[in-house]
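Asker: just a sequence and a predicted model for now, questions to come.
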Amino acid sequence: MADDELITAARARELFDYNPENGELRWKVSDRGRTGCIAGWVWRNNRGKTTSYRYVEVGNKGYPAHRLIWLMMTGEWPDPLIDHINRDGLDNRWTNLRVATAAINASNRGLRSDNKSGMPSVSWNRSRRMWHVNVHVGYFSSKEAANDAATATRRFVTSLRMGS
């Protein structure tokens, strides 16, 4: 396997055992005496993010364990992202993993440490003395599609205001 080739599902199943109940990925076959040990290492982001993930190296290529698990369970690489439903990047139980778009993945975050409302995307605007909602709608490949989404969002927000 060349360095730029991704591992196949068959090869991953040869190398690893996965327990979907507890999320453990263990070496089934190892040339470094790791047979039976939990595969990989925990990478902790030191740039202010709280999420940690387990990574596994096969050959000279590193893989996030949750993506290898998805490959082993489904036979296909996930596209585009795998989201940890409970927001714990080390909890790789099968029931905690799902395919997600970037928007879904981004929305599945805990509250910011400076959040005072206790609700995501809701903050108090002091000058207006009103609650403010800040929601990211998404990214679009054309400005027309972005405009359509903005228009639909404005219509939706207007319908909420009229209903209250």
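Answerer: Now that the structure is in, tell me what you want to look at. Residues are numbered from 1 along each chain as shown.
Asker: which stretches of this protein form strands?
Answerer: Applying DSSP state E to the chain gives strands spanning 16-19, 24-27, 41-44, 52-58, 61-64, 81-84, 97-100, 122-125, 130-133.
Asker: mean neighbour count, mean pLDDT and distance to residue 109 added to the ones you listed, as JSON lines?
Answerer: Quick note: C-beta positions are derived from backbone N, CA and C, even for glycine. Formatted as JSON lines, the strands of the chain follow (neighbours: other C-beta atoms under 10 Å; pLDDT from 0 to 100; distance: least, C-beta to C-beta, whole Å):
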{"stretch": "strand 16-19", "mean neighbour count": "18", "mean pLDDT": "98", "distance to residue 109": "26"}
{"stretch": "strand 24-27", "mean neighbour count": "19", "mean pLDDT": "97", "distance to residue 109": "25"}
{"stretch": "strand 41-44", "mean neighbour count": "12", "mean pLDDT": "84", "distance to residue 109": "17"}
{"stretch": "strand 52-58", "mean neighbour count": "17", "mean pLDDT": "92", "distance to residue 109": "15"}
{"stretch": "strand 61-64", "mean neighbour count": "16", "mean pLDDT": "94", "distance to residue 109": "18"}
{"stretch": "strand 81-84", "mean neighbour count": "19", "mean pLDDT": "91", "distance to residue 109": "10"}
{"stretch": "strand 97-100", "mean neighbour count": "18", "mean pLDDT": "91", "distance to residue 109": "12"}
{"stretch": "strand 122-125", "mean neighbour count": "12", "mean pLDDT": "86", "distance to residue 109": "14"}
{"stretch": "strand 130-133", "mean neighbour count": "10", "mean pLDDT": "87", "distance to residue 109": "16"}
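Asker: so can I have CSV of the ones you listed showing distance to residue 7?
Answerer: Formatted as CSV, the strands of the chain follow (distance: least, C-beta to C-beta, whole Å):
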stretch, distance to residue 7
strand 16-19, 10
strand 24-27, 13
strand 41-44, 17
strand 52-58, 5
strand 61-64, 7
strand 81-84, 16
strand 97-100, 18
strand 122-125, 43
strand 130-133, 43
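Asker: of those, which is nearest residue 5?
Answerer: If you check each of the strands of the chain against residue 5 by C-beta to C-beta, strand 61-64 wins as the nearest, at 8.3 Å.
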